[in-house]
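[1] Attaching a predicted model along with its sequence, questions to come.
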Amino acid sequence: MSSKLLVIFFFLFSPSLIFAQQYKTTTDVAYCKPDEPDSYKKERCKLDIYIPTDRKNFATIVWFHGGGLEEGNKFIPLELKEKGVAVVAVNYRLSPKAKSPSYIEDAAEAVAWTFSHIASYGGDPSKIYVSGHSAGGYLALMVGLDKHYLQKFGVDANNIKGLAPISGQTNTHYTIKKERGQSMVIPQIDQFAPLSFARKDAPPILLITGDQQLEMAARFEENAHLAAILKQVGHTKTSLYQLQGFDHGGVYAPGCLLMLNWIKGLEK
(Lines give C-alpha, C1' and ligand atoms only; values in the text may rest on other atoms or scores of the structure.)
Protein backbone atom coordinates (compact mmCIF):
# COMPACT_ATOMS: atom_id res chain seq x y z
CA MET A 1 0.00 0.00 0.00
CA SER A 2 1.37 3.43 -0.96
CA SER A 3 2.09 6.11 1.63
CA LYS A 4 -0.66 8.30 0.18
CA LEU A 5 -3.26 5.55 0.69
CA LEU A 6 -2.06 5.00 4.24
CA VAL A 7 -2.62 8.69 4.87
CA ILE A 8 -6.20 8.42 3.57
CA PHE A 9 -6.97 5.42 5.78
CA PHE A 10 -5.67 7.37 8.76
CA PHE A 11 -8.10 10.18 7.97
CA LEU A 12 -11.01 7.78 7.65
CA PHE A 13 -10.50 6.17 11.02
CA SER A 14 -8.85 8.91 13.08
CA PRO A 15 -10.85 9.60 16.27
CA SER A 16 -9.67 13.20 16.16
CA LEU A 17 -12.14 13.83 13.32
CA ILE A 18 -15.21 12.85 15.37
CA PHE A 19 -17.34 15.78 16.57
CA ALA A 20 -20.72 16.19 18.24
CA GLN A 21 -23.45 15.73 15.65
CA GLN A 22 -25.22 19.07 15.98
CA TYR A 23 -25.54 20.68 12.57
CA LYS A 24 -28.06 22.68 10.59
CA THR A 25 -28.52 23.10 6.84
CA THR A 26 -30.11 26.14 5.24
CA THR A 27 -30.86 25.66 1.55
CA ASP A 28 -31.26 27.84 -1.53
CA VAL A 29 -29.97 31.12 -0.14
CA ALA A 30 -29.61 33.70 -2.91
CA TYR A 31 -26.17 35.29 -3.06
CA CYS A 32 -26.80 37.71 -5.94
CA LYS A 33 -28.53 41.06 -5.56
CA PRO A 34 -32.34 40.93 -5.14
CA ASP A 35 -32.81 43.24 -8.14
CA GLU A 36 -30.63 41.08 -10.43
CA PRO A 37 -32.24 41.37 -13.92
CA ASP A 38 -30.71 38.13 -15.31
CA SER A 39 -33.35 35.46 -14.66
CA TYR A 40 -30.88 32.63 -15.26
CA LYS A 41 -28.48 34.12 -12.74
CA LYS A 42 -31.27 34.48 -10.18
CA GLU A 43 -32.18 30.84 -10.78
CA ARG A 44 -28.65 29.45 -10.44
CA CYS A 45 -26.94 31.78 -7.97
CA LYS A 46 -28.01 30.09 -4.77
CA LEU A 47 -26.12 28.28 -2.06
CA ASP A 48 -26.66 25.87 0.81
CA ILE A 49 -25.11 26.49 4.24
CA TYR A 50 -24.18 23.59 6.52
CA ILE A 51 -23.09 24.78 9.95
CA PRO A 52 -22.22 23.30 13.34
CA THR A 53 -24.64 24.64 15.96
CA ASP A 54 -22.70 23.64 19.08
CA ARG A 55 -19.70 25.91 18.55
CA LYS A 56 -18.74 29.38 17.35
CA ASN A 57 -15.92 30.88 15.28
CA PHE A 58 -15.64 27.74 13.18
CA ALA A 59 -13.83 27.48 9.85
CA THR A 60 -15.86 27.49 6.63
CA ILE A 61 -15.23 25.69 3.36
CA VAL A 62 -16.79 27.24 0.26
CA TRP A 63 -17.36 24.26 -2.04
CA PHE A 64 -17.86 24.44 -5.83
CA HIS A 65 -19.26 21.38 -7.57
CA GLY A 66 -17.73 19.84 -10.68
CA GLY A 67 -19.29 19.11 -14.05
CA GLY A 68 -17.03 20.76 -16.58
CA LEU A 69 -18.70 24.18 -16.12
CA GLU A 70 -21.57 22.67 -18.15
CA GLU A 71 -23.55 20.62 -15.63
CA GLY A 72 -23.88 19.71 -11.96
CA ASN A 73 -25.53 21.08 -8.84
CA LYS A 74 -24.53 22.13 -5.35
CA PHE A 75 -24.13 19.48 -2.67
CA ILE A 76 -22.46 19.04 0.70
CA PRO A 77 -19.77 16.35 0.38
CA LEU A 78 -20.40 13.55 2.85
CA GLU A 79 -16.72 13.60 3.79
CA LEU A 80 -17.06 17.20 5.03
CA LYS A 81 -20.10 16.58 7.21
CA GLU A 82 -19.87 16.36 11.00
CA LYS A 83 -16.22 17.45 10.98
CA GLY A 84 -16.59 20.66 12.97
CA VAL A 85 -16.52 22.97 9.95
CA ALA A 86 -19.18 24.81 8.00
CA VAL A 87 -19.68 24.16 4.30
CA VAL A 88 -21.12 26.65 1.82
CA ALA A 89 -22.11 24.69 -1.29
CA VAL A 90 -22.57 26.88 -4.35
CA ASN A 91 -24.49 26.74 -7.62
CA TYR A 92 -23.28 28.94 -10.47
CA ARG A 93 -24.28 29.63 -14.05
CA LEU A 94 -23.32 26.99 -16.61
CA SER A 95 -22.12 26.93 -20.20
CA PRO A 96 -23.42 27.16 -22.89
CA LYS A 97 -26.28 29.19 -21.42
CA ALA A 98 -23.66 31.43 -19.79
CA LYS A 99 -20.21 32.15 -21.17
CA SER A 100 -16.90 32.95 -19.52
CA PRO A 101 -16.29 34.73 -17.26
CA SER A 102 -19.87 34.50 -15.90
CA TYR A 103 -19.29 31.37 -13.80
CA ILE A 104 -16.03 32.77 -12.38
CA GLU A 105 -17.82 36.00 -11.45
CA ASP A 106 -20.55 33.93 -9.76
CA ALA A 107 -17.94 32.01 -7.79
CA ALA A 108 -16.37 35.26 -6.62
CA GLU A 109 -19.75 36.67 -5.61
CA ALA A 110 -20.47 33.53 -3.56
CA VAL A 111 -17.12 33.79 -1.78
CA ALA A 112 -17.74 37.49 -1.12
CA TRP A 113 -21.20 36.64 0.25
CA THR A 114 -19.55 34.18 2.64
CA PHE A 115 -17.13 36.83 3.89
CA SER A 116 -20.04 39.19 4.53
CA HIS A 117 -22.48 36.74 6.12
CA ILE A 118 -20.72 33.80 7.78
CA ALA A 119 -20.30 35.67 11.08
CA SER A 120 -24.09 35.90 11.39
CA TYR A 121 -24.17 32.09 11.30
CA GLY A 122 -21.46 31.82 13.99
CA GLY A 123 -18.46 31.39 11.72
CA ASP A 124 -15.17 33.26 11.66
CA PRO A 125 -14.67 35.27 8.42
CA SER A 126 -10.89 35.01 8.89
CA LYS A 127 -11.17 31.22 8.50
CA ILE A 128 -12.67 30.87 5.03
CA TYR A 129 -11.27 28.19 2.72
CA VAL A 130 -12.20 27.82 -0.95
CA SER A 131 -12.33 24.41 -2.58
CA GLY A 132 -14.09 22.30 -5.16
CA HIS A 133 -13.68 19.31 -7.42
CA SER A 134 -12.71 19.41 -11.11
CA ALA A 135 -14.43 22.50 -12.59
CA GLY A 136 -15.08 23.55 -8.99
CA GLY A 137 -11.36 23.34 -8.29
CA TYR A 138 -10.70 25.51 -11.32
CA LEU A 139 -13.15 28.13 -10.00
CA ALA A 140 -11.50 28.04 -6.57
CA LEU A 141 -8.11 28.76 -8.13
CA MET A 142 -9.36 31.53 -10.40
CA VAL A 143 -11.13 33.33 -7.56
CA GLY A 144 -8.17 32.95 -5.22
CA LEU A 145 -5.34 33.80 -7.64
CA ASP A 146 -6.80 36.44 -9.99
CA LYS A 147 -7.55 39.10 -7.40
CA HIS A 148 -9.72 41.29 -9.62
CA TYR A 149 -12.75 38.99 -9.36
CA LEU A 150 -13.10 39.45 -5.60
CA GLN A 151 -11.99 43.09 -5.73
CA LYS A 152 -15.22 43.81 -7.60
CA PHE A 153 -17.05 42.86 -4.39
CA GLY A 154 -14.70 44.65 -2.03
CA VAL A 155 -12.84 41.54 -0.86
CA ASP A 156 -9.08 40.99 -0.92
CA ALA A 157 -8.37 37.45 -2.16
CA ASN A 158 -5.42 37.33 0.21
CA ASN A 159 -7.92 37.18 3.08
CA ILE A 160 -8.91 33.68 2.00
CA LYS A 161 -7.34 31.36 4.59
CA GLY A 162 -6.50 28.69 2.01
CA LEU A 163 -7.21 27.33 -1.48
CA ALA A 164 -7.71 23.58 -1.86
CA PRO A 165 -8.69 22.61 -5.42
CA ILE A 166 -9.21 18.90 -6.04
CA SER A 167 -8.31 17.87 -9.59
CA GLY A 168 -8.83 21.37 -10.94
CA GLN A 169 -7.42 22.66 -14.21
CA THR A 170 -4.63 25.19 -13.91
CA ASN A 171 -4.51 25.99 -17.64
CA THR A 172 -7.43 27.70 -19.37
CA HIS A 173 -10.46 25.48 -18.81
CA TYR A 174 -11.56 23.07 -21.55
CA THR A 175 -15.06 24.55 -21.67
CA ILE A 176 -13.77 28.07 -22.20
CA LYS A 177 -11.72 26.81 -25.14
CA LYS A 178 -14.81 24.97 -26.40
CA GLU A 179 -16.79 28.23 -26.26
CA ARG A 180 -14.09 29.79 -28.48
CA GLY A 181 -13.91 26.87 -30.89
CA GLN A 182 -10.33 26.09 -29.86
CA SER A 183 -8.63 22.71 -29.59
CA MET A 184 -9.56 20.67 -26.53
CA VAL A 185 -6.15 18.96 -26.66
CA ILE A 186 -3.66 21.77 -27.09
CA PRO A 187 -3.24 23.66 -23.78
CA GLN A 188 -3.94 27.37 -23.53
CA ILE A 189 -2.60 29.72 -20.86
CA ASP A 190 -4.24 33.14 -20.92
CA GLN A 191 -6.36 35.39 -18.69
CA PHE A 192 -8.56 32.40 -17.82
CA ALA A 193 -5.69 30.20 -16.63
CA PRO A 194 -4.93 30.13 -12.89
CA LEU A 195 -1.27 29.65 -13.89
CA SER A 196 -1.25 33.20 -15.24
CA PHE A 197 -1.85 34.57 -11.75
CA ALA A 198 0.64 32.61 -9.65
CA ARG A 199 1.97 35.04 -7.05
CA LYS A 200 4.16 35.09 -3.99
CA ASP A 201 1.50 36.52 -1.65
CA ALA A 202 -1.31 34.10 -2.51
CA PRO A 203 -3.03 32.23 0.35
CA PRO A 204 -1.72 28.76 1.28
CA ILE A 205 -2.55 26.32 -1.52
CA LEU A 206 -3.25 22.57 -1.37
CA LEU A 207 -3.21 20.95 -4.83
CA ILE A 208 -4.71 17.45 -5.02
CA THR A 209 -5.10 15.17 -8.03
CA GLY A 210 -5.81 11.54 -8.65
CA ASP A 211 -3.38 8.96 -9.95
CA GLN A 212 -1.33 10.23 -12.88
CA GLN A 213 -2.22 7.04 -14.81
CA LEU A 214 -5.96 7.25 -14.06
CA GLU A 215 -6.64 10.99 -14.07
CA MET A 216 -7.88 13.12 -16.95
CA ALA A 217 -5.15 13.81 -19.49
CA ALA A 218 -2.34 15.97 -18.05
CA ARG A 219 -4.35 16.86 -14.95
CA PHE A 220 -1.57 15.93 -12.53
CA GLU A 221 1.01 17.61 -14.78
CA GLU A 222 -1.01 20.85 -14.83
CA ASN A 223 -1.13 20.92 -11.05
CA ALA A 224 2.56 20.07 -10.81
CA HIS A 225 3.25 22.94 -13.22
CA LEU A 226 1.33 25.39 -11.03
CA ALA A 227 3.19 24.13 -7.94
CA ALA A 228 6.51 24.67 -9.72
CA ILE A 229 5.60 28.17 -10.87
CA LEU A 230 4.34 29.14 -7.41
CA LYS A 231 7.65 27.99 -5.94
CA GLN A 232 9.55 29.97 -8.58
CA VAL A 233 7.69 33.21 -7.77
CA GLY A 234 8.41 32.75 -4.06
CA HIS A 235 5.17 31.24 -2.73
CA THR A 236 6.27 29.05 0.17
CA LYS A 237 2.96 27.46 1.25
CA THR A 238 2.09 25.17 -1.64
CA SER A 239 1.53 21.43 -1.19
CA LEU A 240 0.97 18.97 -4.06
CA TYR A 241 -0.50 15.49 -3.64
CA GLN A 242 -1.09 12.76 -6.20
CA LEU A 243 -3.45 10.19 -4.64
CA GLN A 244 -2.46 6.88 -6.14
CA GLY A 245 -5.23 4.47 -7.10
CA PHE A 246 -7.91 7.15 -7.53
CA ASP A 247 -9.27 8.33 -10.87
CA HIS A 248 -10.69 11.78 -11.64
CA GLY A 249 -14.17 11.08 -10.32
CA GLY A 250 -13.07 9.09 -7.30
CA VAL A 251 -10.41 11.43 -5.97
CA TYR A 252 -12.70 14.06 -4.50
CA ALA A 253 -13.74 11.93 -1.49
CA PRO A 254 -10.22 11.18 -0.18
CA GLY A 255 -9.24 14.66 -1.31
CA CYS A 256 -11.81 16.15 1.07
CA LEU A 257 -10.33 14.15 3.95
CA LEU A 258 -6.84 15.30 3.06
CA MET A 259 -8.10 18.88 2.93
CA LEU A 260 -9.61 18.58 6.42
CA ASN A 261 -6.28 17.49 7.84
CA TRP A 262 -4.54 20.37 6.02
CA ILE A 263 -7.07 22.84 7.47
CA LYS A 264 -6.51 21.39 10.92
CA GLY A 265 -2.81 22.15 10.54
CA LEU A 266 -3.44 25.74 9.44
CA GLU A 267 -5.86 26.33 12.31
CA LYS A 268 -3.28 25.45 14.98
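    Now that the structure is in, tell me what you want to look at.
[2] what about Gln151, how many neighbours?
    Residues lying near Gln151 (other C-beta atoms under 10 Å) number 13. In short, each C-beta sits where N, CA and C put it, glycine included.
[3] Could you do the one 4 residues further on as well?
    Neighbours of Val155 under the rule other C-beta under 10 Å: 23.
[4] gap between Pro204 and Phe220?
    20 Å (C-beta to C-beta, to the nearest Å).
[5] if I read this right, Phe153 contacts Asp106, doesn't it?
    No - the criterion here is C-beta atoms under 8 Å, and Phe153 misses it with Asp106 at 11.3 Å.
[6] Those two: which is more packed in?
    Asp106 (25 against 15).
[7] between Pro204 and Phe220, which one's more packed in?
    Ranked by neighbour count (other C-beta under 10 Å), Pro204 and Phe220 place Phe220 first, with 23 against 19.
[8] Name the next helix or strand following the host helix or strand of the more buried one along the chain.
    Under the criterion of DSSP states H and E, Phe220 resides in helix 219-233. Moving toward the C-terminus from helix 219-233, the next helix or strand (DSSP H and E) is strand 238-243.
[9] Name the residues that touch the helix holding Phe220?
    141, 165, 167-171, 187, 194-195, 198-200, 202, 205, 207-212, 238, 240, 242, 248 (C-beta atoms under 8 Å, 6 or more residues apart in numbering).
[10] filter those residues to the buried ones?
    141, 165, 167-171, 187, 194-195, 198, 202, 205, 207-211, 238, 240, 242, 248 (16 or more other C-beta atoms under 10 Å).
[11] So which of those are in strands?
    Pro165, Ile205, Leu207, Ile208, Thr209, Gly210, Thr238, Leu240, Gln242 (DSSP state E).
[12] looking at it, the fourth one is touching Asn261, isn't it?
    No - Ile208 lies out of contact with Asn261 (C-beta under 8 Å); the separation is 11.5 Å.
[13] Please enumerate the strands of the stretch 51-200 of the chain.
    58-64, 86-90, 123-133, 162-166 (DSSP state E, counting those that start in this stretch).
[14] Let me know which of those strands is tucked in deepest.
    Ranked by mean neighbour count, the strands of the stretch 51-200 of the chain are led by strand 162-166 with a mean of 28 (mean count of other C-beta atoms under 10 Å).
[15] quick one: low-confidence ranges for the stretch 51-200 of the chain?
    Applying pLDDT under 70 to the stretch 51-200 of the chain flags no residue at all.
[16] Repeat the analysis, applying 90 as the threshold.
    Where the stretch 51-200 of the chain drops to pLDDT under 90, the residues are 184.
[17] what sits against the nearest residue to Gly72 once chain neighbours are set aside?
    Using C-beta to C-beta, 6 or more residues apart in numbering and skipping the chain neighbours, the partner closest in space to Gly72 is His65 (4.4 Å). Going by C-beta under 8 Å, 6+ apart, His65 touches Gly72, Asn73, Lys74, Phe75, Ala89, Val90, Asn91, Gly132, His133, Ala135, Gly136.
[18] could you dump these to TSV with distance to Lys41?
    Output for those, formatted as TSV (distance: C-beta to C-beta, whole Å):
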residue	distance to Lys41
Gly72	17
Asn73	15
Lys74	15
Phe75	20
Ala89	18
Val90	13
Asn91	10
Gly132	19
His133	23
Ala135	18
Gly136	18
